[in-house]
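Asker: heads up, no residue letters with this:
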């Protein structure tokens, strides 16, 4: 147990680029002017809120479900379902659990992209409670449609919400002297998925075109980032429990260039064959078990789909 000063920040993350305090683009609001540095509540961290409530304190060790680090990306999966109970209070206390599943998958695609995928399934009696995604920034973000931009010094953070693709609200609130972005569905569902693609760079720059990539097999979902000279795709298992896709995966990309593809959540150390069909500015990609490319020990498949 972390005595006396544990924060309600399971599955939280921060993003830093630049120097000094203004380098914090996605910030722990304890760095903000209105905090004495000891604020423990969940709303100053970049977590999810369930039914307007944050987390209970943990009385156990938590370790990543998965983690993988390469020169191209860093990847981590956290399970924080047990952090969300009704009437959360002291260590491991609360009324009863809200959630059946809550997995956060986070990819840092070097150097300027972070993709955050949240998969939440409440227990049946709480299937209609609202789930809210929080992102703390130093300054008030501007909002245009499903995109929020927050500037800090010479750099900025741009977040595009790909899921939910519709029926969502994006608002801001005070966060002990900083600002907090709050995203939630306007109508709760039995399974909530948030997919947020984040780009950080100079204030003079702009986020490359970033598109949602569903699968026609309904078992993976991801983002296609069309950066000049680097056309890449990140996909995740969309199974509500986070299970490996039980069958083949088929998805289509709008492109006239070859694509670098990274698929997370497949079977570990297993061969998959990849078929690519390119036609009229599109790629159709089919991935299924069979002789071909081997996944990593964490179930990640990497391949280049040539446009020909």
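Answerer: That came in fine, so what should we check first? What you see is a predicted model, and the numbers here were worked out from it, not measured in a lab.
Asker: Quick check: the closest residue to residue 105 other than its chain neighbours vs residue 107, distance?
Answerer: Nearest residue to residue 105, sequence neighbours excluded (CB to CB, 6 or more residues apart in numbering): residue 117, at 4.4 Å. Just so you know, the C-beta spots here come from the backbone N, C-alpha and C atoms, and that holds for glycine as well. Using CB to CB, to the nearest Å, residue 117 is found at 8 Å from residue 107.
Asker: These two - which one has more neighbours?
Answerer: residue 117 (28 against 23; other CB atoms under 10 Å).
Asker: thinking that one is in contact with residue 193, fair?
Answerer: Yes: look at residue 117 against residue 193 with CB atoms under 8 Å: they come within range, at 7.4 Å.
Asker: what bridges to the nearest residue to residue 114 once chain neighbours are set aside?
Answerer: Once flanking residues are discounted, residue 114 sits nearest to residue 198: 4.3 Å by CB to CB, 6+ apart. Per DSSP bridges, the residues bridged to residue 198 are residue 114, residue 159.
Asker: Residue ranges in the stretch 1-150 of the chain under the pLDDT threshold?
Answerer: For the stretch 1-150 of the chain, the stretches with pLDDT under 70 are 1-5, 36-38, 59-62, 90-92.
Asker: quick one: residue 22 is in a helix?
Answerer: Yes: under DSSP: H, G, I helix; E, B strand; the rest coil, residue 22 sits within a helix.
Asker: Would you agree residue 228 is in contact with residue 208?
Answerer: Yes: using CB under 8 Å, residue 228 makes contact with residue 208 at a distance of 7.2 Å.
Asker: More neighbours: these two, which one.
Answerer: residue 208 (17 against 6).
Asker: From residue 115, how far out is that one?
Answerer: In terms of CB to CB, residue 208 sits 13 Å off from residue 115.
Asker: re the thing from before, check the spacing between the residue nearest to residue 105 and residue 139 real quick.
Answerer: 26 Å.
Asker: same deal with residue 297?
Answerer: Counting by CB to CB, the gap from residue 297 to residue 139 is 41 Å.
Asker: So for those two, which sits in the more crowded spot?
Answerer: Between residue 297 and residue 139, residue 139 has the larger neighbour count (other CB under 10 Å), namely 15 against 9.
Asker: wait, is the more buried one part of a helix?
Answerer: No: counting by three-state DSSP, residue 139 falls outside a helix, being coil.
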